[in-house]
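Student: After the sequence you'll find the predicted model.
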Amino acid sequence: MIRVEHWATASEQGVAAARNLLAEPADRVPYEAVPYFWSDHYDVKIQALGLPGRGERFEILEGGDDAFVAAGVRGDRVVAVVAFNAPRRLAFYRPRLAAMPAVSELTAAVAADDRALATAS
């Protein structure tokens, strides 16, 4: 169990609690959403999914100097995604991160996505 201190998480947990309160006991489900937060720092929007502090290393998945998405990797599994100035890209990663995919699997999915940010060479 962890505590994520961001209002988006509190809102999602409230919705999940209400649904479970109104559901039959057999239909109740645990809250298992991927943690998420964002913060704006002047002209930089920082967003994170998962648990960046648990990553052993970070690898750039897409983008370059001004906007990019990086994966926090532990072993060969992606445990977090951090985006700088790439707000529309998080919707691509959130459902994938729940399964803690292998880095190679996520890299292949990004390469196949025609909406991915161009990667600087």
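Tutor: That came through, no problem.
Student: Quick test: name the residue nearest the centre of the protein.
Tutor: With distances taken as C-alpha atoms, centre = their mean, the residue of the chain nearest its centroid is Leu49 (2.5 Å).
Student: distance of it from Ala108?
Tutor: Here Leu49 is placed at a distance of 19 Å from Ala108 (C-beta to C-beta, to the nearest Å). Every C-beta, even on glycine, is put in place using the N, C-alpha and C of the backbone.
Student: got the buried residues for the helix or strand where Thr9 lies?
Tutor: Using DSSP states H and E, Thr9 falls within helix 7-22. In terms of neighbour count (16 or more other C-beta atoms under 10 Å), helix 7-22 has its buried residues at 9, 12, 16.
Student: per-domain residue ranges of the chain.
Tutor: What automatic domain parsing lists as the domains of the chain is 1-33, 34-121.
Student: Make a markdown table out of the ones you listed and add mean pLDDT.
Tutor: Putting these into a markdown table (pLDDT from 0 to 100) gives the following:
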| stretch | mean pLDDT |
| --- | --- |
| domain 1-33 | 89 |
| domain 34-121 | 93 |
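Student: Quickly compare those domains and say which is most buried.
Tutor: A comparison of the domains of the chain by mean neighbour count, using mean count of other C-beta atoms under 10 Å, puts domain 34-121 on top with a mean of 16.
Student: could you dump the helix or strand that contains Gly72 to CSV, C-alpha only?
Tutor: Per DSSP H and E, Gly72 falls inside strand 68-74. Taking C-alpha atoms only, strand 68-74 is exported to CSV below (Å, rounded to 0.1, in the frame of the first residue of the first chain):
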residue,chain,number,x,y,z
PHE,A,68,9.9,13.8,-24.2
VAL,A,69,8.6,10.7,-22.5
ALA,A,70,11.0,8.5,-20.4
ALA,A,71,10.4,5.1,-18.8
GLY,A,72,11.5,4.3,-15.3
VAL,A,73,12.8,0.7,-15.5
ARG,A,74,13.4,-1.8,-12.8
